[in-house]
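Undergrad: 3D model of this:
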Amino acid sequence: MTAPHDVVIAIDGGNSKTDVLVVDAAGTVLGSSRGPGASPQNVGVEGCVTALEGLVIQALEAAGKATTRPFAVHTSAYLAGLDFPREEEALAKALAARGWSESLTLANDTLALLRAGTSDGIGVAVVCGAGINGVGIGRDGRETGFPALGKISGDWGGGYRLGEEALWWAIRAEDGRGPATALTDAVRTHYGASTVLEVVQGLHFEEIHSDSVHELCPLLFRVASAGDAVAQEVVDRFVEEVSLLVGVILRRLELTESTPEIVLGGGVLTGVATSVITDIERRCLKVAPKAVVKIVDVAPVVGAALFGLDTIGADEASKVRLRAATQRV
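TA: All right, here's what the predicted structure looks like:
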């Protein structure tokens, strides 16, 4: 059976959620779906493929498209948990076996953020959600980035880790091992607890879900903005880490003397105060004075769709139409 030559399936799969778009060659969004994260590192290759197929079929049904295979001319999939070539190869083989489309592109989800936030996919992107990662593509097509496996791969500064930092400083202030900080009262209030130790016990005995630690990340930034020195020290380290990722990538790709676009995204970076972004920008401009730093204004799945339109040779008007239709208000 011949694939629908005007249909592209776009997937952005993070650790916490997965977005799917079905778009046509003119840049029109025909259908969409959203589900939980399905990283192959978390649910396995087959678990990932099964979850993605369910969401793809939902999006096709929303588009009024047939769910007979092949579904589309191209699948453009960008997923968390693809940090090494062997992971990409294993998932690509499993996805290709499903027969969704004539061709398939598969890569790390940070690249989708880069394409979503830049005019042509050239530049640097840093994403900070549950974890943190950075990637860049140079004018010569070179690509560089980092594995995002947590502490073992040198990462620091994802939303969960920032929440842990808030809890760490709060308990140490309460028991006398650390300096006084407003984080202590803030953590108690957040959990409705009389002490931070009560929170620690709840987490230890799994009476409080460990995912709730991520909720302390925005609390950390609020306490810092109110003038707490301990919280501000953690925020300063976060700013330095984001800037460091950008700086290393800019130097690797020899973009320090040009006008690279630097895209910031993910739930943490899109939710912080303007002053935090301004500080990150100031540090980035020390490395590349003519760079343009921006917060992404469309969802990363739009970047996956734009890569798909690039692949099938869609014109620029189609890409402009897609951006305009999906831009965040």
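Undergrad: which stretches of the chain form strands?
TA: Remark: strands of the chain, listed N- to C-terminal, are 7-13, 17-24, 29-36, 72-79, 101-108, 123-128, 132-137, 143-145, 261-265, 292-295; assignment by DSSP state E.
Undergrad: among these, which is nearest Leu244?
TA: Among the strands of the chain, the nearest to Leu244 by CB to CB is strand 132-137 (8.9 Å). Glycine gets a C-beta too; all of them are placed from N, C-alpha and C.
Undergrad: by contact count, what packs against that closest one?
TA: Packing partners of strand 132-137 (3 or more CB pairs under 8 Å, 6 or more residues apart in numbering; DSSP states H and E): helix 109-117, strand 123-128, strand 143-145, helix 229-252.
Undergrad: do you know which of those lies nearest Leu162?
TA: Each of these was scored for nearness to Leu162 using CB to CB, and the closest is helix 229-252 (6.4 Å).
Undergrad: next, the buried residues of stretch 92-109.
TA: For stretch 92-109, a neighbour-count test (16 or more other CB atoms under 10 Å) marks 92, 94-95, 98, 100-101, 103-109 as buried.
Undergrad: can you check stretch 270-279 too?
TA: If you call a residue buried by 16+ other CB under 10 Å, then stretch 270-279 has these buried ones: Thr270, Val272, Val276, Ile277, Asp279.
Undergrad: and that stretch, how far apart are its ends?
TA: Taking CA to CA, to the nearest Å as the measure, stretch 270-279 stretches 14 Å from start to finish.
Undergrad: so what's the gap between it and the chain middle?
TA: A distance of 17 Å separates the C-alpha centroid of stretch 270-279 from that of its chain, computed with CA atoms, centre = their mean, to the nearest Å.
Undergrad: let's have the strands of the chain in CSV, adding distance to Glu61.
TA: Listed next are these as CSV, based on distance: least, CB to CB, whole Å:
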stretch, distance to Glu61
strand 7-13, 13
strand 17-24, 10
strand 29-36, 7
strand 72-79, 14
strand 101-108, 17
strand 123-128, 30
strand 132-137, 32
strand 143-145, 35
strand 261-265, 29
strand 292-295, 33
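Undergrad: what would those strands look like in JSON lines with distance to Cys284 and mean pLDDT?
TA: As requested, the strands of the chain are exported to JSON lines (distance: least, CB to CB, whole Å; pLDDT from 0 to 100):
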{"stretch": "strand 7-13", "distance to Cys284": "24", "mean pLDDT": "96"}
{"stretch": "strand 17-24", "distance to Cys284": "27", "mean pLDDT": "96"}
{"stretch": "strand 29-36", "distance to Cys284": "31", "mean pLDDT": "97"}
{"stretch": "strand 72-79", "distance to Cys284": "23", "mean pLDDT": "97"}
{"stretch": "strand 101-108", "distance to Cys284": "21", "mean pLDDT": "96"}
{"stretch": "strand 123-128", "distance to Cys284": "9", "mean pLDDT": "97"}
{"stretch": "strand 132-137", "distance to Cys284": "11", "mean pLDDT": "96"}
{"stretch": "strand 143-145", "distance to Cys284": "16", "mean pLDDT": "96"}
{"stretch": "strand 261-265", "distance to Cys284": "6", "mean pLDDT": "97"}
{"stretch": "strand 292-295", "distance to Cys284": "6", "mean pLDDT": "96"}
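Undergrad: right, so these: which one is the most enclosed?
TA: When you average the neighbours per residue for each of the strands of the chain (mean count of other CB atoms under 10 Å), strand 123-128 leads with a mean of 30.
Undergrad: and the angle from it to strand 261-265?
TA: Note on geometry: by axes from the mean of the first three to the mean of the last three CA atoms, to 10 degrees, strand 123-128 and strand 261-265 are set 20 degrees apart in direction.
Undergrad: report all helices and strands that strand 123-128 contacts.
TA: When contacts are defined as 3+ CB pairs under 8 Å, 6+ apart, strand 123-128 packs onto helix 109-117, strand 132-137, helix 229-252, strand 261-265.
Undergrad: quick revisit: can I get the buried residues of stretch 270-279 in TSV including pLDDT and distance to Ser225?
TA: Formatted as TSV, the buried residues of stretch 270-279 follow (pLDDT from 0 to 100; distance: CB to CB, whole Å):
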residue	pLDDT	distance to Ser225
Thr270	94	16
Val272	96	9
Val276	97	9
Ile277	98	13
Asp279	98	12
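Undergrad: return the subset of those lying in helices.
TA: Val276, Ile277, Asp279 (DSSP state H).
Undergrad: quick one: which of those is nearest Glu261?
TA: The shortest approach to Glu261 among those belongs to Ile277, at 14.7 Å (CB to CB).
Undergrad: so who does the closest residue in space to Arg323 that isn't next to it in sequence touch?
TA: Here the nearest residue to Arg323 in space, its sequence neighbours aside, is Val298; by CB to CB, 6 or more residues apart in numbering that works out to 6.1 Å. When contacts are counted by CB atoms under 8 Å, 6 or more residues apart in numbering, Val298 is found next to Ala116, Gly117, Arg323, Thr326, Gln327, Arg328.
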